[in-house]
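> Sequence first, predicted coordinates after that:
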Amino acid sequence: MKKKLDQYLKFMLQKKASDVHIKALSGIRIRVDGVLTNFGEEKFSKTQMERLVEEITNSAQLEALQRDKSLDFSYKLDDDESRFRVNIFYQIDGLSAVFRAIPEDIPKIQDLNLPTSIEGFSKIQRGLVLVTGVTGSGKSTTLASLIDVINKNQKKHIITIEDPIEFVHKDKNSFINQRAIGIDAHSFKDALRASLREDPDVILVGEMRDLETIEIAINAANTGHLVFSTLHTLSAKDTIDRIIGMFPNDEQNRVRLSLAAVLEGVISQRLLPTMRGGGRIPAVEVMKKSARIADLISSGRDNEILDAIEEGRKIYGMQSFDQSIYDLFLEGRITEATALDHATSRSDMKLNISKISDRVSSGDDIVDFKEEEEA
């Protein structure tokens, strides 16, 4: 079964798919450019799925799967360096597994089509930086790129706490220790608490899953460490609301003040289908710390954060999702339909696009229009 799995994974890499889904009693699916499609007619029986899982896990992992009913780990092809993030879980028809490809090389920020302004987060000495978005939006890749920038350019002690480890970092100018939950540590909160005694400069927490982990991360940022982490939230405002909302009502004001002091930025990502050649491109909201942003957080005026982001574009390098999406449309990377479908405010996006149409119909060049917009 393991050999058969490896064949599917190699095919997945050839097709540049992001994920392979294998489910008992069902056909195999692969996800290409965000779209899930059937692959072949073969179906794995319940017994075959059980055999497959036994062949690719060790006894401790198998015990954890049977106890917790799901399991996260990384998998590597035997004959090359290709690695995958794996989740196995029980469902009504037996076992199911999802394999996500992890790029072999850590990509540069510019290669990911991310705003160059986010590289500034790698130069911060202390505070909290969050990368957010839905599953599969590229959060881990963005964090790996930022850690790699620090690794190349600064002499730091970096500790990563992940479930599982995805990108493997080699020591460059920095010294990096990577810990996998379930193998090197029992939980995020335990590993994060222990890391504060391990003389770190930079701490990466793969995901802030619970209140205690969030509180330790905020305290770590408040005591002079640079902390990176992720949340499954859609925007900077949603991120702030989620963090504060996890605490009891009588503690929320204290958390607001702490978060306002330590939160250096939020990078929120969405992947949009490109106009030409297939593939996807990120639309990115970037919130950076400013006196106004800190004041809005501390005073509970979260509804004004989006306006502050859009108005802080030129001075601080911030941008909203709609500003990012509008730029992608102006650059000819996405269609009008894609821009409208993914905009936060469809009506405002439609109005802005109509201005372009009017100018182009009058004989103006869209490049000139974009330069005017930036000015």
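Yep, it's here.
> Please point out which parts of whichever helix or strand Glu50 is part of sit buried.
Using DSSP states H and E, Glu50 sits within helix 46-56. By neighbour count with 16 or more other Cβ atoms under 10 Å, helix 46-56 contains the buried residues Gln48, Met49, Glu50, Leu52, Val53, Ile56. Glycine gets a C-beta too; all of them are placed from N, C-alpha and C.
> ok now do the second one, which residues does it touch?
For Met49, the set of contacting residues under the criterion of Cβ atoms under 8 Å, 6 or more residues apart in numbering consists of Ile22, Lys23, Ala24, Gly94, Leu95, Ser96, Ala97.
> Switch those residues over to a markdown table; also include pLDDT and neighbour count.
Converted to a markdown table, those look like this (pLDDT from 0 to 100; neighbours: other Cβ atoms under 10 Å):
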| residue | pLDDT | neighbour count |
| --- | --- | --- |
| Ile22 | 95 | 24 |
| Lys23 | 95 | 19 |
| Ala24 | 95 | 21 |
| Gly94 | 95 | 18 |
| Leu95 | 97 | 19 |
| Ser96 | 97 | 20 |
| Ala97 | 97 | 21 |
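> where does the spatially most central residue of the chain fall, phi/psi-wise?
Nearest to the geometric centre of the chain sits Lys139, at 1.2 Å (Cα atoms, centre = their mean). Main-chain dihedrals, Lys139, degrees, to the nearest 10: phi -60, psi -50.
> Can you classify the residue nearest to Asp171 when sequence neighbours are not counted by secondary structure?
Spatial nearest neighbour of Asp171, chain neighbours left out: Asn151 (7.6 Å); criterion: Cβ to Cβ, 6 or more residues apart in numbering. Three-state call for Asn151 (DSSP: H, G, I helix; E, B strand; the rest coil): helix.
> any idea how far Phe121 is from Asn151?
14 Å (Cβ to Cβ, to the nearest Å).
> try Ile243
18 Å.
> now Gln269
14 Å.
> May I have the helix or strand hosting Phe99 as PDB, with CA atoms only?
Secondary structure from DSSP H and E places Phe99 in strand 94-102. Only the C-alpha atoms of strand 94-102 are listed here, as PDB (Å, rounded to 0.1, in the frame of the first residue of the first chain):
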ATOM      1  CA  GLY A  94     -13.500   4.200   7.900                       C
ATOM      2  CA  LEU A  95     -10.200   6.100   7.600                       C
ATOM      3  CA  SER A  96      -9.500   9.100   5.500                       C
ATOM      4  CA  ALA A  97      -6.200  10.900   4.700                       C
ATOM      5  CA  VAL A  98      -5.100  14.200   3.300                       C
ATOM      6  CA  PHE A  99      -1.600  14.700   2.000                       C
ATOM      7  CA  ARG A 100      -0.400  18.300   1.400                       C
ATOM      8  CA  ALA A 101       2.800  18.900  -0.500                       C
ATOM      9  CA  ILE A 102       5.500  21.000   1.200                       C
END
